[in-house]
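In: got a sequence here, can you model it:
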Amino acid sequence: MKKIIVDGRPVILDQAPVVKQGTTLVPMSSILKSLGIQYSWDPAGKKITASKNGNQIILTVGNKNAYVNGNPVKMIVPPEMIGGRVFVPLRFIGESTGATVSLPDSNTIVITSGSKGASTPPVSANTGKTAANEEAIEDYLYEKHPVLSSSGITLDADYWVSYMEGHEIEVAVTVTDYDQLTNLADAVDKDPNILYKLTKDLSNDIKNRFGFKDQSLIIYFQTISSGYPEDVPDRYVSPLENDEYVIAIPMVLAEYDYSAGSANFYWITNDGSDGEEDYANFLFKTKL
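Out: Numbers count the residues shown, from 1 in each chain. Just a heads-up that it's a prediction; the model follows:
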């Protein structure tokens with residue numbers, strides 16, 4: 001399965017990419033969220049309207065004709081409905097919204113969105129004011145929440161932030177201490193509610209300070225490897241310079257929805273066989 005890296009981080013897709021006529025098609029929502037692209041979906045006309053940094057693209061399922069800033073462009077492969085989901089051509093989406101797309105090898109697609117600190121932040125759902133950019137939020141979280149702790153569990157955390165569709169935000173919480181995550185896994189086996197205890201103050205602060213009511217918090221184990229780590233699934237590995245590689249493995253997904261008054265928590269695993277799929281195993285739901 002092709003591995004997709006956006007701004008140095010692997011993208012978790014809920015369905016595997018599909019290659020047709022040399023064009024990689026990926027699930028629409030996953031890739032647009034990862035690239036910080038705002039979009040709308042018209043189910044009646046099967047039309048996608050996406051925008052970022054002043055660029056607008058319009059695509060229609062089954063139609064090779066697209067529009068970029070009002071100008072007609074012909075694609076090699078059109079968007080498709082696959083398994084009830086909309087799949088879009090990855091390179092076309094990336095390059096049409098100002099990203100750089102490269103293929104360091106046959107199984108990896110690297111996208112540099114150029115959006116960190118540069119894209120136009122969305123409007124806060126709470127205040128109607130422009131929210132801080134990604135870098136400003138990261139700096140704030142690192143200063144205010146360098147450690148997540150509860151019930152004897154401690155995570156030394158760093159942060160990576162990206163905007164998602166509408167007014168949503170995704171926060172990657174990266175942890176480099178493997179023993180801390182081993183202790184977390186043991187604690188979750190005994191009491192999954194530890195995940196809520198660890199993340200609730202962080203989530204509340206994001207809502208109250210920046211106005212985001214709909215949040216995805218993903219806890220990653222991250223480390224640097226000298227030489228390619230052969231025992232790690234390819235999708236978790238991103239190349240650096242000097243034959244070094246960053247490994248980022250998703251462990252926990254917490255979805256906070258303050259409008260609905262609830263949060264869902266998942267433990268992320270691969271399928272245990274060919275290592276080509278990630279599964280978000282539902283643990284519990286709690287009221288906010």
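In: drop to CA atoms for contacts and neighbour counts, all remaining ones
Out: Noted.
In: from I194, how far out is D186?
Out: In this view, D186 and I194 are 11 Å apart by C-alpha to C-alpha, to the nearest Å.
In: and these two? which has more neighbours close in?
Out: Counted by other C-alpha atoms under 10 Å, D186 and I194 do not tie: I194 has more neighbours, with 18 against 11.
In: pLDDT of stretch 82-94, averaged?
Out: Mean per-residue pLDDT for stretch 82-94: 85.
In: that one: which residues count as buried?
Out: 86-94 (16 or more other C-alpha atoms under 10 Å).
In: so which residue is dead centre in the protein?
Out: In the chain, the residue lying closest to the centroid (C-alpha atoms, centre = their mean) is S34, at 4.5 Å.
In: and that residue, what are its phi and psi?
Out: phi -60, psi -30 (degrees, to the nearest 10).
In: same question, I194
Out: Dihedral pair for I194: phi -60, psi -30, per degrees, to the nearest 10.
In: can you check G70 too?
Out: The phi/psi pair for G70 (degrees, to the nearest 10) is phi 90, psi -10.
In: how close does it get to H145?
Out: From G70 to H145 the distance is 44 Å (C-alpha to C-alpha).
In: neighbour count winner among the two?
Out: The neighbour comparison of G70 against H145 (other C-alpha under 10 Å) goes to H145, with 17 against 11.
In: can you classify the closest residue to that one other than its chain neighbours by secondary structure?
Out: Counting by C-alpha to C-alpha, 6 or more residues apart in numbering, L202 is the residue found nearest to H145 once chain neighbours are left out, at 6.9 Å. Three-state call for L202 (DSSP: H, G, I helix; E, B strand; the rest coil): helix.
In: what's the burial count for L202?
Out: Neighbourhood size, L202 [other C-alpha under 10 Å]: 15.
In: wait, it sits on P146?
Out: No - using C-alpha atoms under 8 Å, L202 makes no contact with P146, being 10.2 Å away.
In: same for the strand or helix carrying I224, what does it pack against?
Out: Using DSSP states H and E, I224 sits in strand 214-226. Judged by 3 or more C-alpha pairs under 8 Å, 6 or more residues apart in numbering; DSSP states H and E, strand 214-226 is in contact with strand 169-175, strand 244-257.
In: okay, angle between the first one and strand 214-226 too, please.
Out: When axes from the mean of the first three to the mean of the last three C-alpha atoms, to 10 degrees is applied, the directions of strand 169-175 and strand 214-226 differ by 40 degrees.
In: ok, back up a step: which ones among the buried residues of stretch 82-94 map onto helices?
Out: Cross-referencing the buried residues of stretch 82-94 against helices under DSSP state H gives 90-94.
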